[in-house]
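S.K.: Got a predicted structure plus its sequence, pasted below:
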Amino acid sequence: MSDNNINNNKLSSGRFTEATDAFVEQFTASIMFDKRMYKQDIQGSVAHAKMLVKANILSSVELDKIITGLTQIKAEIESGKFKWSIQQEDIHMNIEVRLTEIIGITGKKLHTGRSRNDQVATDIRLYLRDEIDQILPAMQHLQAGILSLAEKEHATIMPGFTHLQTAQPVTFGHHMMAWFAMINRDIERLIDCRKRVNTMPLGSAALAGTTYPIDRQLTAELLGFERISDNSLDGVSDRDFAIEFNAFAAIFMMHFSRFAEELVLWSSAQFKFIDLPDRFCTGSSIMPQKKNPDVPELVRGKTGRVYGHLISLLTLMKSQPLAYNKDNQEDKEPLFDTIDTIKGSLRAFGDMIPSIMVNKENTYNAAKRGFSTATDLADYLVNKGLAFRDAHEIVGLAVAHGIKTEQDLAEMALATLQSFSKDIGEDVYKVLTLEGSVNARDHLGGTAPKQVLAAIKRAKKSL
Ligand code: ARG
């Protein structure tokens, strides 16, 4: 066999006496989806080769050749000229075989002291780390959009709901800051997950480590890994870091679906709280009046696939004996799709949220309907010396009267209110107004506009 001769059908030509079945080749290949890790695969190979020079396993002349070859390959891939081959199964073999075509026998030396098992585990971690580093700023961008809307609408009054029934008035800005807080925890989860993603399995080789005098510390430094995996069997086989990322993603999408649902409701003709910018909506092919909130609906719907991927990954890893199993190749598609879904949803919402228009008059009027200041009246009576349960009863009677006569508490004459309790005085109207109600909730975490502004200020500092 000449130096450049590569068996195109089998990874280790010596072992086999028959070629792989064409369907099996297709069935077992991962190149269709793992090629998106080409950059990380090359990055890992360069670091590995540099380490091999330090360990006197490769010469610096050989290193130069390898780097030149890999640089050319990267350019070929990025210009669309690279010929992907199913026969070469995956990204690792596609690149290695091409490298050997370009630089000859030195290309075959690159794999010294490593295995595709630690190579792929390293690639996924590098890939996921890069993606996390794009997702985190996108999450902060969304938060910034939420903040700008919160600031604009910090004093805008809307009904707050429990059971989707009008409960108490809140400020729109306060509602936005609830979303902000949810994303804050999601960001914390992702930052924490990144620590474990950023662990280097390279050096685990196939499963037991390698006989070569490798310097894992050096490779880790070259690749920016903060930690090195402690155990080679674990290093090549576990994918808990991907599961963890997907768990973060599932929780984040759950939050996202809640924002999405509210936007869908609020933009409906029944609520009319907000208008979504036209560029984020579509029409109907038959009903000319329609403006559909497709973007929030899709984000809400996409939550399902991310949950599904979490279950896929958990089930993929369940009961797998140590160490690497081919099952693990199935980790990539769910993980990649989760990443794409998160990024797409973030991009759509990041652009849309700050341009939402709030119909202040409608939110105000909605808060006026539904006796949203009933609790305030009860609190008022408590302040006049009544027990809360008695106050609750009195206000219930007043509300029943309001329903019958179609008037809000604030619209009732003083004499009417006094017919329910003689403790009610002229000063009651201050607490029955929506403004009075929200302003009275003036403590850390409360809905008063003043508190919303303070929360925004704290949030801006944290961004
Ligand atoms: N394509 C494989 C994967 O994604 C790479 C590792 C293959 N290793 C092996 N021994 N078959 O997991």
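M.R.: That came through fine.
S.K.: so what's the closest residue in space to H154 that isn't next to it in sequence up against?
M.R.: The shortest distance from H154 to any non-neighbouring residue, by Cβ to Cβ, 6 or more residues apart in numbering, is to G173 (3.5 Å). C-beta here means a position set from N, CA and C on the backbone, and glycine is covered the same way. Contact analysis of G173 by Cβ atoms under 8 Å, 6 or more residues apart in numbering lists L149, A150, E151, K152, E153, H154, A155, T156, P449, V452, L453, I456.
S.K.: Export these as TSV, with columns for pLDDT, neighbour count and secondary structure.
M.R.: What follows is the contacts of G173, written out as TSV (pLDDT from 0 to 100; neighbours: other Cβ atoms under 10 Å; DSSP: H, G, I helix; E, B strand; the rest coil):
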residue	pLDDT	neighbour count	secondary structure
L149	98	24	helix
A150	98	27	helix
E151	98	17	helix
K152	98	16	helix
E153	98	23	coil
H154	98	22	coil
A155	98	18	coil
T156	98	26	coil
P449	98	20	helix
V452	98	26	helix
L453	98	16	helix
I456	98	20	helix
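S.K.: Where does F161 fall, secondary structure wise?
M.R.: Element membership for F161, per DSSP states H and E: strand 157-162.
S.K.: Buried ones in that strand, by neighbour count?
M.R.: Neighbour-count burial for strand 157-162, with 16 or more other Cβ atoms under 10 Å as criterion, is recorded at I157, M158, P159, G160, F161.
S.K.: For it, enumerate its sheet partners and note whether each is parallel or antiparallel.
M.R.: Its sheet considered, strand 157-162 pairs with strand 165-171 (antiparallel) by DSSP bridges.
S.K.: pLDDT weak spots in the stretch 251-400 of the chain?
M.R.: Scanning the stretch 251-400 of the chain for pLDDT under 70 picks out nothing.
S.K.: Spell out which parts of it neighbour the ligand.
M.R.: Y324, K326, N328, Q329 (Cβ under 6 Å from any ligand atom).
S.K.: Tell me which residues touch the third one, please.
M.R.: Listed by Cβ under 8 Å, 6+ apart, the contact partners of N328 are V120, S237, R239, L316, Q320.
S.K.: Count the residues that sit near the fourth one.
M.R.: The criterion is other Cβ atoms under 10 Å. On that basis, L316 has 18 neighbouring residues.
S.K.: part of a helix, is it?
M.R.: Yes. Counting by DSSP: H, G, I helix; E, B strand; the rest coil, one finds L316 located in a helix.
S.K.: Alpha carbons only: can I get stretch 335-346 in PDB?
M.R.: The C-alpha coordinates for stretch 335-346 follow below in PDB (Å, rounded to 0.1, in the frame of the first residue of the first chain):
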ATOM      1  CA  LEU A 335     -29.000  18.800  20.300                       C
ATOM      2  CA  PHE A 336     -28.500  20.700  17.100                       C
ATOM      3  CA  ASP A 337     -32.200  21.100  16.600                       C
ATOM      4  CA  THR A 338     -32.600  22.400  20.200                       C
ATOM      5  CA  ILE A 339     -29.800  24.900  19.500                       C
ATOM      6  CA  ASP A 340     -31.400  26.100  16.200                       C
ATOM      7  CA  THR A 341     -34.800  26.400  17.800                       C
ATOM      8  CA  ILE A 342     -33.600  28.400  20.700                       C
ATOM      9  CA  LYS A 343     -31.600  30.700  18.500                       C
ATOM     10  CA  GLY A 344     -34.500  31.200  16.100                       C
ATOM     11  CA  SER A 345     -37.000  31.900  18.800                       C
ATOM     12  CA  LEU A 346     -34.600  34.300  20.400                       C
END
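S.K.: Just want the residue of the stretch 301-450 of the chain that's nearest the ligand.
M.R.: Scanning the stretch 301-450 of the chain for the residue nearest the ligand gives Q329, at 3.7 Å (criterion: Cβ to the nearest ligand atom).
S.K.: Tell me who's in contact with that residue.
M.R.: Q329 neighbours (Cβ under 8 Å, 6+ apart): S30, D34, D90.
S.K.: out of everything not next to it in sequence, what's closest to I424?
M.R.: L417 (4.7 Å).
S.K.: and after the strand or helix carrying that neighbour, which helix or strand comes next?
M.R.: Using DSSP H and E, L417 sits in helix 414-418. Beyond helix 414-418 on the C-terminal side, the first helix or strand identified by DSSP H and E is helix 428-432.
S.K.: my read: T363 touches G160, true?
M.R.: No. Assessed by Cβ atoms under 8 Å, T363 is found out of contact with G160, at 10.7 Å.
S.K.: quick one: secondary structure of S284?
M.R.: Going by three-state DSSP: S284 is coil.
S.K.: I'd like to know how many residues surround the nearest residue to L276 once chain neighbours are set aside.
M.R.: Nearest non-adjacent residue to L276, counting by Cβ to Cβ, 6+ apart: S267, 5.2 Å away. Residues lying near S267 (other Cβ under 10 Å) number 22.
S.K.: burial measure for N362, as a count.
M.R.: 15.
S.K.: now the helices for the stretch 1-150 of the chain?
M.R.: Using DSSP state H, counting those that start in this stretch, the helices of the stretch 1-150 of the chain run over 22-28, 31-34, 38-54, 60-78, 91-103, 105-109, 116-152.
S.K.: now the angle from the fourth one to helix 38-54?
M.R.: When you say that, I think you mean helix 60-78. Counting by axes from the mean of the first three to the mean of the last three Cα atoms, to 10 degrees, helix 60-78 lies at 180 degrees to helix 38-54.
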